[in-house]
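Novice: Quick one: sequence plus predicted model below, questions after.
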Amino acid sequence: MTYTMKIESFPAKEFLVIKGFANLYDTDIDKSAIDENVWGIIRKQFSDSSVECLKKEAGSENVYMLFCNTCKRDDVNKCYTCSYDIACENYNHNSSNKFTSVILRACDYLSFDCTFDNETLLSDAHESTDMLFWGDNGWLKEKPFVCAIDYPENSGKGYAQIEQYTPFDIDATKLNMKIWYPILPQSE
């Protein structure tokens, strides 16, 4: 993987989304079968024309994934259930009966622009940047910022991690990925 990173400021943005979810399991849980289920659902939404309908209604060709706009702890299953939505920026400003509107507030983001030229599946690509961002020697440990989606009180309040994959093909092994992590200054 090769990458560049920078801080970008975004104004508030409205997206139309196909609602989805992902579970972030505690470290003692085997999650491989569960993760494949999430990607299987996304694969189906691309093949059944749901994504094409979303693009048309929003007036956008760019498809994103919005991660963790909402997140709730599930102690029974030892995980956090987080939104993981297929999204298009709503350039047409349509309200929709088919799709949900999500508004992200103006925010600074740390962005990673990455190229994967080896056998990396889309479902695994974000793990490398997650380590660069959150890992033991990650960017967040050394800077005076916090990640907005790390705090339960921010759930549903206009913050999400934004992901864009080119091609947006779950089975691609060579891809470009741009990922934006919402950051806020640390409180004193």
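Specialist: Looks like it arrived, so ask away.

Novice: For the closest residue to residue 50 other than its chain neighbours, the count of nearby residues, please.
Specialist: Taking CB to CB, 6 or more residues apart in numbering as the measure, residue 50 lies nearest to residue 18, with 5.7 Å between them; neighbours along the chain are not counted. C-beta here means a position set from N, CA and C on the backbone, and glycine is covered the same way. By other CB atoms under 10 Å, the residues close to residue 18 number 19.

Novice: same check, this time on the one 3 residues further on
Specialist: Around residue 21 there are 15 other residues, counting by other CB under 10 Å.

Novice: And residue 174, by the same measure?
Specialist: Neighbourhood size, residue 174 [other CB under 10 Å]: 11.

Novice: Now do the same contact list for it.
Specialist: For residue 174, the contact set (CB atoms under 8 Å, 6 or more residues apart in numbering) comprises 116-118, 120.

Novice: Only the buried residues of stretch 37-49, if you could.
Specialist: 38, 42, 45 (16 or more other CB atoms under 10 Å).

Novice: Most neighbours among the contacts of residue 174, which one is it?
Specialist: Neighbour counts for the contacts of residue 174 peak at residue 116, which has 21 neighbours (criterion: other CB under 10 Å).

Novice: hey, what's that one bridged with?
Specialist: Beta bridges link residue 116 to residue 175 when assigned by DSSP bridges.

Novice: ok, and residue 40, which helix or strand is that part of?
Specialist: Residue 40 belongs to helix 32-47 when elements are defined using DSSP states H and E.

Novice: Next secondary structure after that helix?
Specialist: Following helix 32-47 in sequence, per DSSP H and E, is helix 50-58.

Novice: Using neighbour counts, pick out the buried residues of that following helix.
Specialist: Buried residues in helix 50-58, defined by neighbour count with 16+ other CB under 10 Å: 50-51, 53-55, 57-58.

Novice: Repeat that for stretch 174-182.
Specialist: Applying 16+ other CB under 10 Å to stretch 174-182 flags 175, 177-182 as buried.

Novice: Restrict it to CA atoms and write it as PDB.
Specialist: Taking Å, rounded to 0.1, in the frame of the first residue of the first chain, the C-alpha atoms of stretch 174-182 are listed here in PDB:
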ATOM      1  CA  LYS A 174      -6.200  -3.800  -6.900                       C
ATOM      2  CA  LEU A 175      -7.900  -0.600  -5.800                       C
ATOM      3  CA  ASN A 176      -7.700   2.900  -4.700                       C
ATOM      4  CA  MET A 177      -9.300   3.900  -1.500                       C
ATOM      5  CA  LYS A 178      -9.800   7.300   0.100                       C
ATOM      6  CA  ILE A 179     -10.900   7.300   3.800                       C
ATOM      7  CA  TRP A 180     -11.700  10.300   5.900                       C
ATOM      8  CA  TYR A 181     -11.700  10.100   9.700                       C
ATOM      9  CA  PRO A 182     -13.600  12.800  11.500                       C
END
